[in-house]
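Enquirer: no FASTA, just this:
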């Protein structure tokens, strides 16, 4: 069966510090991968998605970046965090041909202080 | 205008009540429709797909009206465990899913 892992579960970082969040998927190959952010009390905001290794589409211009160094690994990074980067970061995957059924990881709750 | 709009609620209903949520979408090219459920401080999970003919899964009924571009979710005999945020989701082509902001439901004993 397929599983998706995200870590860490919670993170407290000072303003201006770097960020690296990792997401890995097991049990499937060539998934579509997504990064979302959900600010407190707000809806899901799609940040990046990837349909293959090295292929990244950015939905919202900001100080975040994403990379996909391996088929089932998706990394979200920032060189310098802002207070506004606080939120609940969710990684998700879908398999080709089943893009409606999207599976989310458990998320990382990031607080920038 | 947002692509997917939902009444944010909250809907506060007693146990056993029937509650309905509506969602409207703006892009007539939308092809697929879903309801996701998100518990407090958890990740969203697929609740059910919405088919043109309407579909039912236990106490949950989903309906689609393409002419009016709205989707509905009906929950019968509400349980305390139904308390969550319900997200309306649409897809067109191979583009990423578009999520509504969600409708919060609280079922009260």
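Expert: That came in fine, so what should we check first? Bear in mind the structure is a predicted one, so any value in this text is a computation, not a measurement.
Enquirer: phi, psi of the nearest residue to residue B:2 once chain neighbours are set aside?
Expert: Taking Cβ to Cβ, 6 or more residues apart in numbering or on different chains as the measure, residue B:2 lies nearest to residue B:26, with 7.2 Å between them; neighbours along the chain are not counted. Every residue, glycine included, has its C-beta placed from N, CA and C. Listed backbone geometry of residue B:26 is phi -100, psi -20, with angles given as degrees, to the nearest 10.
Enquirer: which residues are in contact with the strand or helix carrying residue A:90?
Expert: With secondary structure defined by DSSP states H and E, residue A:90 is part of strand A:87-94. Counting contacts by Cβ atoms under 8 Å, 6 or more residues apart in numbering or on different chains, the residues outside strand A:87-94 that touch it are A:2, A:4, A:6, A:21, A:23, A:25, A:28, A:31-40, A:44, A:74, A:76, A:100-105, A:107-110, B:41, B:43-44.
Enquirer: How about stretch A:42-56?
Expert: The set of residues that contact stretch A:42-56 without belonging to it, under Cβ under 8 Å, 6+ apart, is A:30, A:32-39, A:57-60, A:62, A:64, A:66-71, A:74, A:76, A:90, B:44, B:87, B:96, B:99-102.
Enquirer: can I assume residue A:45 sits in a strand?
Expert: Yes. With DSSP: H, G, I helix; E, B strand; the rest coil as the criterion, residue A:45 is located in a strand.
Enquirer: Give me the neighbour count for residue A:19.
Expert: Using other Cβ atoms under 10 Å in any protein chain shown as the criterion, residue A:19 is surrounded by 20 other residues.
Enquirer: Quick check: it vs residue A:57, distance?
Expert: Distance check for residue A:19 against residue A:57: by Cβ to Cβ, to the nearest Å, it reads 20 Å.
Enquirer: again with residue A:65
Expert: Going from residue A:65 to residue A:57 by Cβ to Cβ gives 12 Å.
Enquirer: ditto for residue A:78
Expert: In this structure, residue A:78 and residue A:57 are separated by 18 Å, where distance is defined by Cβ to Cβ.
Enquirer: the more surrounded of these two?
Expert: A side-by-side neighbour count of residue A:78 and residue A:57, using other Cβ under 10 Å, places residue A:78 first with 19 against 14.
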